[in-house]
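Visitor: have a look; sequence and predicted model below, questions after that.
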Amino acid sequence: MLNASHICATNFTYQHYRLTHCLDDVAALGVQWFELWGVSPHLHIDTVQEEDLRDLKRQLAVRELRLACLTPEQCVYPINIAAENVQQREYSINYFRRSLEICESLESPLLFMTPGWGYEEDNITMARGRAVDALAELSHSAESRGVTLVLEVLQPRESNLAPDVRALKGLIEEVNSSALDAALDIVGMAVGGDSVEDYLTAFGPKLRHCHFIDGMPAGHLACGDGNLPLENYLREMRNGGYNGLLSLEIAGSRYWQNPLAPMRQSIQFLQNALS
């Protein structure tokens, strides 16, 4: 049953600190799960070396932290698996191929992905087809490495390929791979006009991961800094049998200078709500 042991910390607000500083904070807060945002300077997918990955595994182990998911940066960086430009699309696919290698090295069971996007002035059919083809190819690679891809909804301003649960379900069903599951992003869900029940109905046990944050409804805020009915969401997730992690994808420059405070606030909120 969903409880405080399902809380997962992240490094999304720590880019102005060394990764080891973040890991120290997470360990001190008593959280055992960690989702790694793959971004420079913490872990740049294109430049990280095996020696770096071995050191990171040691850093996690000495703090008794377990890596739950690798989330390569793919919204700020020029990554788009649905890109019309052949070179950009191939670069993006290779970026995720390398991410899968990193998952295997770090023993991360999940690789977090987004569907890319197509030009607003175009019919989305072609871009959607390119996304499906890329996801099918990457799912095949993931399966061979014992990794599962988890795909999330993006807000309409971010992507026109999966702005709601219905579109996300369509992509995952078309790929039809045991190595491609769904992720629930609370803000994406709220902006898309969907509910927790919609996600549980659509995906059942294939709903593998959750970015649990607050918003208005947009914004990746610490729990309590927005106006979303978070306790209701948790109740619905628990009653609906969700058994994945609740990962704190807190983001935004307002938190960069003091990232510990929003992380602690969110963990305490979840501990109280799930007690």
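Guide: Now that the structure is in, tell me what you want to look at.
Visitor: and the spatially most central residue of the chain, what element?
Guide: In the chain, the centroid-proximal residue (CA atoms, centre = their mean) is residue 112; its distance is 4.6 Å. For residue 112, the enclosing helix or strand under DSSP states H and E is strand 110-113.
Visitor: still on that earlier bit, who is the residue nearest to the centre of the chain paired with across the strands?
Guide: In this entry, residue 112 is beta-bridged to residue 150, by DSSP bridges.
Visitor: residue contacts, it?
Guide: 35, 69, 70, 71, 72, 149, 150, 152, 183, 209 (CB atoms under 8 Å, 6 or more residues apart in numbering). Placement of C-beta: from N, CA and C, glycine included.
Visitor: if I pick the third one, what's in contact with it?
Guide: Applying CB under 8 Å, 6+ apart to residue 70 gives the contacts 35, 36, 38, 99, 102, 103, 106, 108, 110, 111, 112.
Visitor: now do the SS call for it.
Guide: Look at residue 70: counting by DSSP: H, G, I helix; E, B strand; the rest coil, its state is strand.
Visitor: repeat that for the first one.
Guide: Classification of residue 35 into helix, strand or coil gives strand, according to three-state DSSP.
Visitor: likewise the last one?
Guide: In terms of secondary structure, residue 209 is strand; the call rests on three-state DSSP.
Visitor: from residue 3, how far off is the residue nearest to the centre of the chain?
Guide: According to CB to CB, to the nearest Å, residue 112 and residue 3 sit 23 Å apart.
Visitor: could you do residue 16 as well?
Guide: 32 Å.
Visitor: could you do residue 84 as well?
Guide: To residue 3, residue 84 is 45 Å away according to CB to CB.
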